[in-house]
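Chemist: requesting a structural model of the entry that follows:
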Amino acid sequence: MSSEPELVVFEKADSQIEASIIKGILESEGIPVYVDGELLMDEFNMSQKLMNMSGISIEIAQEDLERARAIVASARDSGKAMEEEE
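Modeler: Numbers count the residues shown, from 1 in each chain. The predicted structure follows:
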């Protein structure tokens, strides 16, 4: 019998855009991602998210944590290198 993996907070994004970018990077590497509040229907939670009062939790399986850190660090380093070239 297969059990669901234990999810941990990988990072708290400052915006929905940042959360979406990180999610896309990780998913492109085969790491399933859950972004807290992606499907919010509750008006209070939606207002909290829109006002960015609580940050946006990006959750992944515990077993993917180290690989995800390396992938996102590499992507951020690549982005910095591109900025320096401009």
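
Chemist: make it CA atoms for all contacts and neighbour counts henceforth
Modeler: Will do.

Chemist: backbone dihedrals for Phe10, please?
Modeler: Here is the backbone geometry of Phe10 (degrees, to the nearest 10): phi -80, psi -40.

Chemist: helices and strands of this structure: which one bottoms out on pLDDT?
Modeler: One helix or strand of the chain scores below all others by mean pLDDT, DSSP states H and E: helix 43-50, with a mean of 62.

Chemist: what's the next secondary structure element after that helix?
Modeler: strand 56-61 (DSSP states H and E).

Chemist: what strands line up against that following strand, and which way round?
Modeler: strand 7-13 (antiparallel), strand 34-35 (antiparallel) (DSSP bridges).

Chemist: and those strands, which one is worst for confidence?
Modeler: Note on the strands paired with strand 56-61: lowest mean pLDDT is at strand 34-35, with a mean of 90.

Chemist: which residues sit against that strand?
Modeler: 19, 23, 56-60 (CA atoms under 8 Å, 6 or more residues apart in numbering).

Chemist: per-residue confidence at Asn52?
Modeler: Taking Asn52 on its own, its pLDDT is 56.

Chemist: hang on, I meant Gly24
Modeler: Confidence score, pLDDT, at Gly24: 95.

Chemist: wasn't it part of a helix?
Modeler: Yes - counting by DSSP: H, G, I helix; E, B strand; the rest coil, Gly24 is found in a helix.

Chemist: cool, thanks, talk later.
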